[in-house]
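Engineer: what follows is a predicted structure for the sequence shown.
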Amino acid sequence: MHDVAVVGAGPAGLAAAVEAAEAGLGVTLIDTAAQPGGQYWRHYDQTHARPDDHVGHHGWSVFTRLRARLDALRATGRIHYLPGQQVWLITREPNGPFTLQVTAATAAATAGRSQDGSDRTLAAHALILCPGGYDRQLPVPGWDLPGVLTAGGAQALLKGHRTPAGRRAVVAGTGPFLLPVATGLARAGVTVVAVVEANATLGWFRSPAGAASAPGKSAEALRYAALMARHRIPYRTRTVIREVLGTNRAEAVRVARVDRDGRPTGPDEEIAVDLVALGWGFTPSLELPLMLGAQTTMDTDGSLVVAVDDRQRSSVDGLYVAGEATGVGGAALAVHEGRLGALALAAERGRPADPALMRRLRGAVRRGRRFASAMHRTYPLPRAWPDWLTDTTLVCRCEEVAYGDLRRAHHDLGAEDARTLKMLARPGMGWCQGRVCGLATAGIAAWLSGRETGVDDLRPLATRSLAVPVPLGELAALVEETTPPEAADEGGRNGD
Amino acid sequence: MTHQMTFRGTTVAAEPGQSVAAALIAAGVTDWRTTGKGGRPRGLFCGIGICFDCLITVDGIPDQRACLVAAADGMRLGADAEPGAALQDACGPGDDDA
Amino acid sequence: MSADLVIVGAGVVGAASAYFAASAGLRVVVVERDSIAGGTSSAGEGNVLVSDKEAGPELDLALYSQQVWRADLAGHGDLWEFESKGGLVVAASEQGVASLRALAVQQRRCGVEVRDVARDELRDYEPHLAPQLAGGAFYPQDAQVQPMLVAAHLLRLARERGAQVRTRTEVTGFLRHGTRVTGVRTSAGDISAGAVLNAAGTWAGGVADLAGVRVPVLPRRGFILVTQPMPARTIRHKVYAAEYVGDVASSDAALQTSPVVEGTAGGTILIGASRERVGFDRNVSVPAIGTLAAKAIELFPMLRQVRAMRTYLGFRPYCPDHLPVVGADPRAPGLWHACGHEGAGIGLSAGTGKLIAQALVGERTDLDLAPFAPDRFPEAEEEPR
């Protein structure tokens, strides 16, 4: 039994794990990736690293220091680190410990697991969930064509695999993250024909509240502006991609100027590209906290997030949440939250935790949140984005559910809410279980009913009974290793 | 040392540390599966294990996420018509020992 | 606001009742406290089964429902993915096969079609079945529907026939004239009606309480596992095992304990369903889903590598005698019930709806409703919790 299980080894999880272990707690750290760092500090396989791999990597020294602490704590057995593993279910008896079921992320990772399966089920008194986030997506005609990637995917391919995803790219959506993606591609030799930004300006550092909260950030913005200029990348604001064109892969995009709600105001223009990188900010992975019933709220950016107090405690006793899952705010904020949660937990479990440090961290978290909110307000999702869709535009890529299917389920069958829409038309029912189309489906449910998107729209699409697909053989092994629980089989008269 | 993998009868090279998806894209392959309903081509989308668009059969094991599987020398990369097809082949009638 | 009939509950039973009542010319209002088909109707497999039923009133209702699905509703089958795929019940031992044969003799007398399937024929039906099975029985009448689509389309068809559907409208009490029920009080105002039909499924006991009558419907929790999408026809029929019964013909107990494994139009394979009486506990049970997976793998070894994408649970409405409650309530004239169908409500909904409509307009019902009488339960019976 571990004192605490930390899920996720990105900025928040890595910081939480080392802080908790150094405070004297027994820690197990579980992460999907083969090496620590998460999406933010994604890097090429460390055993084959080159000196120039980390150019443009932000806060890299913060990461290497955390990694060194992780290595030291692993060596002394204070942190039990499980890379390449995914938590697929967390359960808890009333007032008991948390039970985590773990499966390998890839078949190769399966081979590396302990023979007796002892790592498949873990118990911990407390949890710090740091599941991170991923690119938000809005559907657009043609976005299912090969050659269309998420902005984060294009970035990951570069940072993690040294592979540019095309030769001639457009980077589109909204938010400051489009800039490092575009300049990173340009540095790798890709012709970036434009950054297409739906909102008005590159002005988030002009917001006094935001800029004052995070002075380092305005310098970052200026640096990207300079890099954009150096690589001669046009920055086209109040512009969106209306359609990705191509037969069996992306060949061009049609872009148009839009008003502040995202409604076209100018003629379409066609631009030939072979790579389209799309990103509309980030959204957290919430299946694990939701599995435990944690209370949620809607953040300034419209994403569903876990509600936490000023010690990173969720509404569920013993469940701490840190990083993007409490609101998208970037790596520096995530590190502060991870540390704060770990120290708060340590204090709660009777370990020494420096109150002055905790106060400082709380202040840093508050400032980070203010800055994040300012940024979210600068780069909102255009309100009228569902207007871009045609009846044949896929919304759910997995189940190939088109906007017309959703419209019919709403108008003909009375699907007024996101859950009913999902049950009747199947968006979010495929392999990814709504991770990609969840935000869009929730937004469409609200749009079709003429109301603003709310928590009740988002939550059904963010809730997943199993966090990741798991082989039935592993499910069966949970009961095959013990006596078959006949208790689950009371005789009833009727089948199902 | 460069890894050599096979895909649809051709050889695909990979640098150690690259994912299967990255190696395929570097070799100019942008799609490697077909959707079940629309028969549409799919390849890499999210690149970080979220979307399951990049499913591929690796050494006979179907439905692996190409963005997460590290490329390795001698890997056989399948090109199944749809997810699960290789599994069905592997477990067909007469394969009682499976 | 007034109507001929207020139906409480927009699940599959309420929807079928609305369709047939509106078709019979009644002015129908359906009130639903949540959204359409959001309760047990969205938490099952869509079974339309005769194979799992012994001779008796429930089998009679199942066979009657078969006619309704295949005749009255035949023109709409595609809307809700009606698939007459047939059910294959398999046994691992000779004793189990003997039990199946005995059950089949009894069922055939009632009009169920059953084909005996020998050991070496099993794989003609299901190529991936485990090789060591001893034999089985094939039930061509067993069918499948997508239950949420059934409910949604029946409500749509009812609306086309003049019915109104009011979601997010909760019944808070009844309008009374003496003992007579004359309508409902709801969160959105009163509706007076000539009759009120309680089709609130697992929650029907609470609705009956509001009228001061006891209908002992209790929740029985069932989990279902859903796999990754698989190629079409990987599993062709509804397949389930009959092993836990020594003698099916004499014991009611446990034919249903074995999982039903089947494919769906969407390509996923459904594995259901566990049974537990744990109240309305919505937490995922590892023993329940683990056992489902283990038993499914016993039937289809190739499922071991197949991944489960999700699981869902529902609360089947069961009565102490495992029969549904269908008909007028003599204790509260004007109040009717159509509830308590346990895990068979999807299949039985069509017949239930048509029979209720017949009774409501004063026609002689095609099937005697006496076995399903709402007042058949003793007043002070101990209820298992």
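Structural biologist: Looks like it arrived, so ask away. Numbering: from 1, shown residues only, chains lettered A, B, ... in the order given.
Engineer: please make it C-alpha for all contacts and neighbour counts, starting now.
Structural biologist: Will do.
Engineer: how about the closest residue to chain B within chain C, secondary structure?
Structural biologist: Closest approach between chain C and chain B, counting by C-alpha to the nearest C-alpha: C:M230, at 5.2 Å. Three-state call for C:M230 (DSSP: H, G, I helix; E, B strand; the rest coil): coil.
Engineer: I figured it hits C:T268, correct?
Structural biologist: Yes - with contacts defined as C-alpha atoms under 8 Å, C:M230 counts as touching C:T268 at a distance of 5.8 Å.
Engineer: what's the spacing between the residue nearest in space to the middle of chain C and chain A?
Structural biologist: What sits nearest the mean C-alpha location of chain C, by C-alpha atoms, centre = their mean, is C:G345, with 1.7 Å. Counting by C-alpha to the nearest C-alpha, to the nearest Å, the separation of C:G345 from chain A is 8 Å.
Engineer: state the distance from the most centrally placed residue in chain B to A:Q85.
Structural biologist: The centroid of chain B falls nearest to B:I56 when counting by C-alpha atoms, centre = their mean (2.6 Å). Going from B:I56 to A:Q85 by C-alpha to C-alpha, to the nearest Å gives 19 Å.
Engineer: equivalent analysis for C:M1, please.
Structural biologist: From C:M1 to A:Q85 the distance is 59 Å (C-alpha to C-alpha).
Engineer: A:Q155 now?
Structural biologist: Distance, A:Q155 to A:Q85, using C-alpha to C-alpha: 23 Å.
Engineer: more neighbours: which of the two?
Structural biologist: A direct count of neighbours by other C-alpha atoms under 10 Å in any protein chain shown for A:Q155 and A:Q85 places A:Q155 higher, at 29 against 25.
Engineer: what are the ranges of the helices in the stretch 101-250 of chain C?
Structural biologist: For the stretch 101-250 of chain C, the helices defined by DSSP state H, counting those that start in this stretch occupy C:122-125, C:147-160, C:204-210.
Engineer: over to chain B?
Structural biologist: For chain B, the helices defined by DSSP state H cover B:20-26, B:85-90.
Engineer: mean pLDDT lowest for which of those helices?
Structural biologist: Of all the helices of chain B, mean pLDDT reaches its minimum on helix B:85-90 (a mean of 44).
Engineer: of all the helices of the stretch 101-250 of chain C, which one is nearest chain A?
Structural biologist: For the helices of the stretch 101-250 of chain C, the distance to chain A is smallest for helix C:147-160, at 5.3 Å, taking C-alpha to the nearest C-alpha.
Engineer: returning to that earlier point: run a quick neighbour tally on the residue of chain C closest to chain B.
Structural biologist: Neighbours of C:M230 under the rule other C-alpha under 10 Å: 22.
Engineer: please apply the same query to the one 5 residues further on.
Structural biologist: When neighbours are defined as other C-alpha under 10 Å, C:I235 has 22 of them.
Engineer: got the contact list for it?
Structural biologist: Listed by C-alpha atoms under 8 Å, 6 or more residues apart in numbering or on different chains, the contact set of C:I235 reads C:126, C:128, C:261-263, C:269.
Engineer: just the pLDDT at it, thanks.
Structural biologist: C:I235 is assigned 96 on the pLDDT scale.
Engineer: cool, A:A226 as well?
Structural biologist: We have a pLDDT of 87 for A:A226.
Engineer: you'd agree it is in a helix?
Structural biologist: Yes - under three-state DSSP, A:A226 sits within a helix.
Engineer: and the strands in chain B, which stretches?
Structural biologist: Applying DSSP state E to chain B gives strands spanning B:3-7, B:10-14, B:33-34, B:41-42, B:55-58, B:61-65, B:76-77.
Engineer: which elements pack onto the last one?
Structural biologist: For strand B:76-77, the elements it packs on are strand B:3-7, strand B:55-58, judged by 3 or more C-alpha pairs under 8 Å, 6 or more residues apart in numbering or on different chains; DSSP states H and E.
Engineer: what is the last one packed up against?
Structural biologist: This points to strand B:55-58. Packed against strand B:55-58 by the contact rule (3+ C-alpha pairs under 8 Å, 6+ apart) you find strand B:61-65, strand B:76-77.
Engineer: any idea which of those strands scores lowest on pLDDT?
Structural biologist: Comparing mean pLDDT across these, the weakest is strand B:61-65, with a mean of 91.
Engineer: show me what that one pairs with in its sheet, parallel or antiparallel.
Structural biologist: Sheet pairing of strand B:61-65 (DSSP bridges) gives strand B:55-58 (antiparallel).
Engineer: so C:A3 sits in a strand?
Structural biologist: Yes - assessed with three-state DSSP, C:A3 lies in a strand.
Engineer: ok so, going back, which of the contacts of C:I235 are close to chain B?
Structural biologist: Contacts with chain B within those, as defined by C-alpha under 8 Å from any C-alpha of the partner chain: C:H128.
Engineer: now do the buried residues in stretch A:446-460.
Structural biologist: Under the neighbour-count criterion of 16 or more other C-alpha atoms under 10 Å in any protein chain shown, stretch A:446-460 has A:446-448, A:453-460 buried.
Engineer: just give me the neighbour total for the nearest residue to A:G26 once chain neighbours are set aside.
Structural biologist: Leaving aside its sequence neighbours, A:G26 sits nearest to A:D3 (C-alpha to C-alpha, 6 or more residues apart in numbering or on different chains; 5.1 Å). Neighbour count of A:D3, defined by other C-alpha under 10 Å: 20.
Engineer: ok, now the one 3 residues further on?
Structural biologist: Per other C-alpha under 10 Å, the neighbour tally for A:V6 reads 30.
Engineer: for C:I269, see how far away the residue in the stretch 351-496 of chain A that chain B sits nearest to is.
Structural biologist: Distance from chain B to each residue of the stretch 351-496 of chain A (C-alpha to the nearest C-alpha) is smallest for A:C432, at 5.1 Å. Here the criterion is C-alpha to C-alpha. By it, A:C432 lies 16 Å from C:I269.
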